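# Sharing a model that was predicted from the sequence below.
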There are 2 protein chains.
Amino acid sequence: MTLDKFFNPKSVCIIGASRNPRKIGHVILRNFTETFGGKIYPVNPKAKKILGLKCYHSLEKIKGKVDLAVIALPAQIVPYILEECGEKGVKNCIIVSSGFRETGNTKLEKKLERVIEKYDIRMIGPNGLGVYDPYSGIDTIFNPKHKLGRPEKGDIGFISQSGAVMCISLDWMSMRGYRISKAISYGNATDVDVPELMEYLDRDKKTKVICLYLEGLKNGRNFFNTAKKTKKPVIVLKGGKTQSGRKSAKTHTGALAGKAGIYSGAFRQTGIIEAEDLEKMFDLARALSNQPLPKGNRLRIITDAGGFGVLTSDWADKFGLRITKVSKKSKKKLKKLVPEHATLGNIIDLTGDATSEMYEACYRDAVRDKSVDMIALILLFQPPLIKEDLVNKVLKLSGKKTTAILSAGGDYTENLKKKLEEGGMPCFSSPKRCIEVLHALYSYSKK
Amino acid sequence: MTLDKFFNPKSVCIIGASRNPRKIGHVILRNFTETFGGKIYPVNPKAKKILGLKCYHSLEKIKGKVDLAVIALPAQIVPYILEECGEKGVKNCIIVSSGFRETGNTKLEKKLERVIEKYDIRMIGPNGLGVYDPYSGIDTIFNPKHKLGRPEKGDIGFISQSGAVMCISLDWMSMRGYRISKAISYGNATDVDVPELMEYLDRDKKTKVICLYLEGLKNGRNFFNTAKKTKKPVIVLKGGKTQSGRKSAKTHTGALAGKAGIYSGAFRQTGIIEAEDLEKMFDLARALSNQPLPKGNRLRIITDAGGFGVLTSDWADKFGLRITKVSKKSKKKLKKLVPEHATLGNIIDLTGDATSEMYEACYRDAVRDKSVDMIALILLFQPPLIKEDLVNKVLKLSGKKTTAILSAGGDYTENLKKKLEEGGMPCFSSPKRCIEVLHALYSYSKK
């Protein structure tokens, strides 16, 4: 894989490494010292040591082989440094500097193009945040960790045209416990572009789902051809879908965002799932990565709170999912276990007297029932008889049938939800989002 | 005000107070000992003392006047206890017990009706959680506090047909820092019903916005007539809007949920704002309680992240808000302050080099600019030069012009957002929600 050295290099040099903790060249070097297991070469013409590492005054002073160079220097000198990389035989460069085409400086960007062609260098950037890979410890994000959290190892791959969208998503994901395989902010895509990254993630064993934030495309045909061939689910959030959005996109990434309808149509045709916002994209990505796909749209709703049962039924109807009645056989069996005033009809409402054991029995029944394709498990932890052991009871059945959990509340609930999520159960706070994701899984299953 | 004793009694008796921490009569008594400043009389025929308070074997043993009785006993004996309340001269009763009309036991409910008529008692419930009032310390919610948080004093009033929807909302609000004036779960509405509660909250000085969760109405005409007269904003979430939802509602609260279209039309005609889900309802409530209403739909977007500017522009277009260009005068003034590569056009993009000072200047300019009706302040705290003092700089201008803040990320960001929210600035994590709320404020301003 030609791109593999960006994610799994054995040695990295940080050109522009700095002693000043406020400089981005310092933050990046610190990231690598904290997480990267391979050889690290800081390059700075003035320093002898930075963060305890021997510093090199220039690239040519480094004796060993360098697999990847990260360049964090002012735009003007980047072409010269890239030239040095070429001479040293470094074949992979990430350029986080900005001040190229995106600010009108197309000449400078052309210079980069000439150098990489001359030396056969592969380049990510400029004007991007580069790469975050929690497995290999590559982290070229220049925002310090106390301000911007990094998500743990997982299976969502994320490619973003916007650096800010990528880093804010990572920060949010790290807080919410979403886990990722790789994230790439490719900036101006002067060399490495979305299709190639998508192909790489499709072959990457650690990635199960590919998420994209796009504003425009350099080569739409190439993108859609690649998307069509991609075996893993691809979810896209497209920025610049309206006239105002397009105007903003033009000044942002210089991208011609194209007409909304054309994009949406092409996404559909090539099997790409379109998301409306970032949270929805990652919610869906997580469900796609850990839930089996449903075989149909027949839904069982189990709840301990009538109101949430009502709201969830409403959304099921709006999204065209079919709520399955409890079968006579199941009813007979479950009736002995549930409270007298529980409902075993259109939905199962265990009421505020629900116990962990009742949930387990009803969930198990739904998993076994062949007339049920997917389950919305409304799991409110506030009723008095619900105990924390319910988490493990539910997780025992994890992965057996498409399930989305709806659970809402405060800190007590959030802690239990985290455990469910770590065990592979997607959890949501709103009936709409819960059903929306089940519906998206169903739609994808028909692809 | 006839309902005032439910919220501001001087003395309360808890009938069914229990020594057993797992019983609801214990939890309710504990709530009162922790937050209620008036006289508390636990009633239990077997105990001498509970939680350090002298216990009364029956209501008649209490010498003093009792303003409010909270009844937490099995359904069958509630009519007899209510009779005792009548004889003792207690005029306000909250009945949290269930097992009446909602389980088919209409006879038992009729008994309640006869007793309250005989003694001229006002009753909230049965089959509801009753009242939570953070100002007076009334708290009849029988879910223990470690499982279910209580929000702080604020100005959102909430009336809920579903007990679970109320308590889960309160739990969620307490975690997210939403503040409330009063919350009422009225259960079967055998006596006190929504219109009267709505009227009460409309006159209540601590309430600025009224939120409702409804499944069905006993007397629609009365409800809509009251709504028309209500001076404060009313936001409703209607459960049971679809066929499946109606089926679930029928088994839940026994309410005939009615056709969706009829309700929505009547809500519009009577000036009620309809919300799609709970989070949206409270997001909008908060903005309505602390933001001035806009005079038009002209929007200024200020950002430090291009991608979020693009996404926010997209949503502004979709919701029909007009993005205002920066005026020539403002441009001239601001140009000296912002980075060279910043955008001062369709939107203001300060880029990742934004400082707190730049934000302050651009926000102040938008507040002063008469061609701007509302402001979407995209405040991402991750860029290196943004400092925490930005929070205070923004809060200095709080309340001067309709503003919604879009800010997303992890713990660092969430802490700063909490400060902004405590200072009266509504904050959102998604471009859609930010614009949606601004649009709702605009729609309400035209009412």
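Structure's in. What do you need?
# which regions of the stretch 201-350 of chain A sit below the pLDDT cut-off?
For the stretch 201-350 of chain A, the stretches with pLDDT under 70 are A:251-260.
# out of all of them, which strand in chain A is the longest?
With secondary structure taken from DSSP state E, chain A has its longest strand at strand A:153-160.
# which parts of that strand are buried?
A:154-160 (16 or more other CB atoms under 10 Å in any protein chain shown). All C-beta spots, glycine's among them, are computed from the backbone N, C-alpha and C.
# Also stretch A:43-62?
By 16+ other CB under 10 Å, the buried positions in stretch A:43-62 come out as A:43-44, A:47, A:50-51, A:53, A:55-56, A:59, A:62.
# Leaving out the residues flanking it, which one is nearest to residue A:195?
Counting by CB to CB, 6 or more residues apart in numbering or on different chains, residue A:226 is the residue found nearest to residue A:195 once chain neighbours are left out, at 3.9 Å.
# so who does that neighbour touch?
By CB atoms under 8 Å, 6 or more residues apart in numbering or on different chains, the contact list for residue A:226 reads A:195, A:198-199.
# on that earlier part again, farthest-separated two in the buried residues of strand A:153-160?
Farthest pair in the buried residues of strand A:153-160 (CB to CB) is A:155 and A:160. Separation: 17.3 Å.
# and residue A:20, how many neighbours?
For residue A:20, the count of nearby residues is 9 (other CB atoms under 10 Å in any protein chain shown).
# how about the nearest residue to it, chain neighbours excluded?
Closest to residue A:20 by CB to CB, 6+ apart is residue A:26, at 5.7 Å.
# Quick check: phi and psi at that neighbour.
Per-residue torsions, residue A:26: phi -80, psi -50 (degrees, to the nearest 10).
# Quick check: the gap between it and residue B:384.
For residue A:26, the distance to residue B:384 (CB to CB, to the nearest Å) stands at 11 Å.
# Repeat that for residue A:432.
Relative to residue B:384, and taking CB to CB, residue A:432 is found at 37 Å.
# Who has more neighbours out of the two?
Between residue A:432 and residue B:384, counted using other CB under 10 Å, residue A:432 has the larger neighbour count: 21 against 17.
# who touches that one in this structure?
Contact analysis of residue A:432 by CB under 8 Å, 6+ apart lists A:315, B:276-277.
# any chance of those residues in JSON lines, plus neighbour count?
Below are the contacts of residue A:432 laid out as JSON lines (neighbours: other CB atoms under 10 Å in any protein chain shown):
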{"residue": "A:315", "neighbour count": "26"}
{"residue": "B:276", "neighbour count": "16"}
{"residue": "B:277", "neighbour count": "17"}
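# So which of these are in helices?
Among the contacts of residue A:432, the members found in helices (DSSP state H) are residue A:315.
# Show me which residues of the stretch 51-200 of chain A are close to chain B?
A:98-99, A:102-103, A:142-144, A:146-149, A:160-165, A:167-168, A:171-172, A:174-175 (CB under 8 Å from any CB of the partner chain).
# Check those for burial and list the buried ones.
By neighbour count, with 16+ other CB under 10 Å, those hold A:98-99, A:102-103, A:142-144, A:147-149, A:160-165, A:167-168, A:171-172, A:174-175 as buried.
# Quick check: helices, which of the residues you listed are part of them?
Using DSSP H, A:163-165, A:167-168, A:171-172, A:174-175 are the members of those that sit in helices.
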